[in-house]
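# what follows is a protein structure lacking sequence information:
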């Protein structure tokens, strides 16, 4: 059944970071009231939403109370109290994506088991309960570096990940239940964002190629179209479509993938929401990822994902030596560059490598967009007072 949207419809968004803010701004085009739950009264979405509710997404009581205020619940991050969502679902509240889908995706171990059960190519892996178990496996020869350790719960934006190159680096292991993956010889890292509504309609955005900042283990910039052959683009879309369908997910699914040195695709991990790898779509795609998220959760027809113009997105990260009240350098110069679109998230304080905004650069050719993005990268700086 189609979800009726009226001017008194209350869409609840759990967490109010930059993704929540951009979803609120997209919802305002449809006159949808947006309620946001976040523990930070100064979060980016707070000034933009219809009503801000201060509370923790990890608190059973806070999430349940918030869910009873609204007509539908969705998310900007999957790290939410699942028991509270299950209780709300039992009361008949609409939660999109479904709590059971979130429960699978929250836990990187369950994610990997899901891929294995559904024939989705992913790096060989093992599950461990503690860092001591990992050390024991190395000592007994059952696990041989190099490998990647990922905490099963709570990791994001490079946090909760340890890359172990040799047995001499075992002191860097993280404590907690983990997935340990065999390291893939990576040629490229790409992302596909798939949208699916309750009717089963699926549309995928064009693949983007991601370039990482090794110091912060964060995406430094990405570009679209990705530098992959047509058959790999088609295979990536097929994999993303298979995954979002197998999960029976309504909403968005960002699927991060590796292209190995032999040209094979491997699914790394997924996120059931809008994603950093889709920010360029606000300007460069017919339908932005945020409008598409709304279309999907309201069970509307999905919008066109046709790329209007090649684009590069640059993440604006806090400078490594800066902490405190934020100031931006180079805004005037960058705004004078044709095709540059600057998005500041409204975070009042910066710290090293904190995501403070992004810039999308569009041009008739990808090469031209990359040149302009390099100018932006060198010019626009996030510093403190």
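Sure, I can see it. Worth saying up front: this structure is predicted, and the values here are computed from it rather than measured.

# can you pull out the low-pLDDT segments for the stretch 151-300 of the chain?
157-158 (pLDDT under 70).

# so which residues of it form strands?
Counting by DSSP state E, counting those that start in this stretch, the segments of the stretch 151-300 of the chain that form strands are 161-164, 178-182, 186-196, 202-204, 208-213, 218-224, 251-260, 265-271.

# what's the closest of these to residue 277?
The closest of those to residue 277 is strand 186-196. By Cβ to Cβ, the value is 3.7 Å. For every residue, glycine as well, the C-beta is placed using N, CA and C.

# surely residue 80 is within a helix?
No: counting by DSSP: H, G, I helix; E, B strand; the rest coil, residue 80 is not part of a helix but coil.

# who's in contact with the nearest residue to it once chain neighbours are set aside?
Ranked by Cβ to Cβ, 6 or more residues apart in numbering and with sequence neighbours excluded, the top spatial neighbour of residue 80 is residue 57, at 4.9 Å. Counting by Cβ atoms under 8 Å, 6 or more residues apart in numbering, residue 57 makes contact with 14-15, 37-39, 63, 77, 79-81.

# picking up where we left off before, what's the closest of the strands of the stretch 151-300 of the chain to residue 347?
Nearest of the strands of the stretch 151-300 of the chain to residue 347, taken as Cβ to Cβ: strand 218-224 at 15.0 Å.

# show me what that closest one is packed up against.
Packing contacts for strand 218-224, counted by 3 or more Cβ pairs under 8 Å, 6 or more residues apart in numbering; DSSP states H and E, involve strand 208-213, strand 311-317, helix 366-379.

# which helix or strand lies directly C-terminal to the longest one?
Per DSSP states H and E, helix 366-379 leads on to strand 381-384 as the next helix or strand towards the C-terminus.

# doesn't the residue nearest to residue 80 fall inside a strand?
No: counting by three-state DSSP, residue 57 is not found in a strand; it is coil.

# about what we covered before: may I see the strands of the stretch 151-300 of the chain arranged in a markdown table, with mean neighbour count and distance to residue 120 as well?
Listed next are the strands of the stretch 151-300 of the chain as a markdown table, based on neighbours: other Cβ atoms under 10 Å; distance: least, Cβ to Cβ, whole Å:
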| stretch | mean neighbour count | distance to residue 120 |
| --- | --- | --- |
| strand 161-164 | 17 | 20 |
| strand 178-182 | 21 | 14 |
| strand 186-196 | 23 | 13 |
| strand 202-204 | 20 | 15 |
| strand 208-213 | 18 | 20 |
| strand 218-224 | 22 | 22 |
| strand 251-260 | 23 | 9 |
| strand 265-271 | 21 | 5 |
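
# now those strands as JSON lines including distance to residue 340?
What follows is those, written out as JSON lines (distance: least, Cβ to Cβ, whole Å):
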{"stretch": "strand 161-164", "distance to residue 340": "32"}
{"stretch": "strand 178-182", "distance to residue 340": "38"}
{"stretch": "strand 186-196", "distance to residue 340": "22"}
{"stretch": "strand 202-204", "distance to residue 340": "27"}
{"stretch": "strand 208-213", "distance to residue 340": "18"}
{"stretch": "strand 218-224", "distance to residue 340": "13"}
{"stretch": "strand 251-260", "distance to residue 340": "25"}
{"stretch": "strand 265-271", "distance to residue 340": "27"}
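
# closest to residue 135 among the contacts of residue 57?
Nearest to residue 135 among those: residue 79, at 27.5 Å, using Cβ to Cβ.

# which ones are touching that closest one?
For residue 79, the contacting residues are 57-58, 106, 153-154, 156, by Cβ under 8 Å, 6+ apart.

# neighbour-wise, which one of those leads?
residue 57 (21 neighbours; other Cβ atoms under 10 Å).

# I'd like the distance between that one and residue 87.
14 Å (Cβ to Cβ, to the nearest Å).

# also residue 112?
Counting by Cβ to Cβ - residue 112 and residue 87 are separated by 28 Å.

# ok, those two, which is more surrounded?
Higher neighbour count among residue 112 and residue 87: residue 112, with 23 against 16, using other Cβ under 10 Å.

# give me the pLDDT for the more buried one.
In this prediction, residue 112 carries a pLDDT score of 97.

# who are the contact partners of it?
Counting by Cβ under 8 Å, 6+ apart, residue 112 touches 122, 125, 127, 179.

# give me the element it is part of.
helix 108-117.

# quick one: that helix to strand 265-271, angle?
140 degrees (axes from the mean of the first three to the mean of the last three Cα atoms, to 10 degrees).

# ends of stretch 295-307, how far apart?
End-to-end span of stretch 295-307 (Cα to Cα, to the nearest Å): 18 Å.

# quick one: buried residues of that stretch?
Residues 295-300, 302-303, 305, 307 are the ones in stretch 295-307 that count as buried (16 or more other Cβ atoms under 10 Å).

# make a markdown table out of these and add distance to residue 210.
Shown next, in a markdown table, are the buried residues of stretch 295-307 (distance: Cβ to Cβ, whole Å):
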| residue | distance to residue 210 |
| --- | --- |
| 295 | 25 |
| 296 | 23 |
| 297 | 26 |
| 298 | 29 |
| 299 | 31 |
| 300 | 29 |
| 302 | 24 |
| 303 | 23 |
| 305 | 18 |
| 307 | 16 |
